[in-house]
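Participant: Quick one: sequence and predicted model below, then my questions.
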Amino acid sequence: MKNEFPKQRRSEGAFTLIEMLVVIAIIGILAGMLLPAISIAKTKAKETMARAEMTTLNGAISTYYGDYKCLPASTNASSRGVDFTFGTSVIGTKTGGGAGSPLDGQINILPSLQKPIQTLGSPYQNVNSEVIAILSDAAYYPENSVTLHTYNSRSTQFYEGKPAASATSPGVDTNNILRDPWGSPYIITLDLNYDGKCVDPIWSGQFQTIVPGSSMIWSFGQLATMSFSQPLNGPINKHLLHSW
């Protein structure tokens, strides 16, 4: 008599090795398609956040001007009688004296890494820390001779920035520098000759940038790279974000 063995059948609902490999491959393809979209969405979200922060900061500067009939800048910046750009270099420390910049090596400024963003022909330079300190009534100013509330005698908090997680993170860092969502400082120009417009000395000549109002602000954006020799919409500068 012929022995017959029951046929082995695959358990219902189980996958073969080939089917599992096909599923894994499909998941990999889908992930590869989604990751760029996710990255773009994150960048767009940061750009939206940067524009919102610049709008809020412009509003704070306008409110300060309405209250004090002057703009939030130290005597070092305002006494020159010209518009001043608070950029990427700083002279002095919290306690006064000394020189240097907490931003060295963090931003790629083309074509020269050494050219500070400041009022042309002026030896004074500073990051946006003094503007932020004045608007937030912080215990830090760039001059040895002043005391707390010198530039904000009513102790009004015109601006409240989110504290940064570290010295190079987005938000207001330990040096009172307001940094954009990528960790670079916002660049602020104030109309310190009070002629109703801001002139940024970075783009001079044919590329000079003039914006109506008491302040203009821009961000280095995702790439943290810019060129002095190109207009705002140039190949290198087109990723920069601005408040106007």
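Facilitator: All right, it came through fine.
Participant: how about stretch 78-88: buried residues?
Facilitator: Across stretch 78-88, burial judged by 16 or more other Cβ atoms under 10 Å covers 78, 80, 82-88. No exception for glycine: its C-beta is placed from N, CA and C like everyone else's.
Participant: In strands only, show me the residues you listed.
Facilitator: 84-86 (DSSP state E).
Participant: which one of those residues sits closest to Pro231?
Facilitator: Taking Cβ to Cβ as the measure, Pro231 lies nearest Thr85 of those, at 16.7 Å.
Participant: Not counting sequence-adjacent ones, nearest residue to that closest one?
Facilitator: Leaving aside its sequence neighbours, Thr85 sits nearest to Thr189 (Cβ to Cβ, 6 or more residues apart in numbering; 4.4 Å).
Participant: Partner strands of the strand or helix carrying the one you found and their direction?
Facilitator: Here Thr189, judged by DSSP states H and E, is contained in strand 187-190. Taking DSSP bridges as the criterion, strand 187-190 sits next to strand 84-86 (antiparallel), strand 215-219 (antiparallel) in its sheet.
Participant: CSV for these, including mean pLDDT and distance to Ser169?
Facilitator: Formatted as CSV, the strands paired with strand 187-190 follow (pLDDT from 0 to 100; distance: least, Cβ to Cβ, whole Å):
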stretch, mean pLDDT, distance to Ser169
strand 84-86, 86, 19
strand 215-219, 94, 15
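Participant: Tell me which of those strands lies nearest to Tyr65.
Facilitator: The closest of the strands paired with strand 187-190 to Tyr65 is strand 215-219. By Cβ to Cβ, the value is 8.7 Å.
Participant: Just list what the helix or strand that that closest one is followed by packs against, helices and strands only.
Facilitator: Going down the chain from strand 215-219, the next helix or strand is strand 225-227, by DSSP H and E. Here strand 225-227 touches strand 108-110, going by 3 or more Cβ pairs under 8 Å, 6 or more residues apart in numbering; DSSP states H and E.
Participant: hmm, who's touching the strand holding Thr189?
Facilitator: Identification of contacts with strand 187-190 by Cβ atoms under 8 Å, 6 or more residues apart in numbering yields 57, 61, 71-73, 77, 83-88, 117, 128, 131, 198-200, 202, 211, 214-220.
Participant: Next, the buried residues of it.
Facilitator: Buried, per 16+ other Cβ under 10 Å, within strand 187-190: 187-190.
Participant: Stretch 150-161 too?
Facilitator: So, applying 16+ other Cβ under 10 Å, buried residues of stretch 150-161: 151-152, 156, 158-159, 161.
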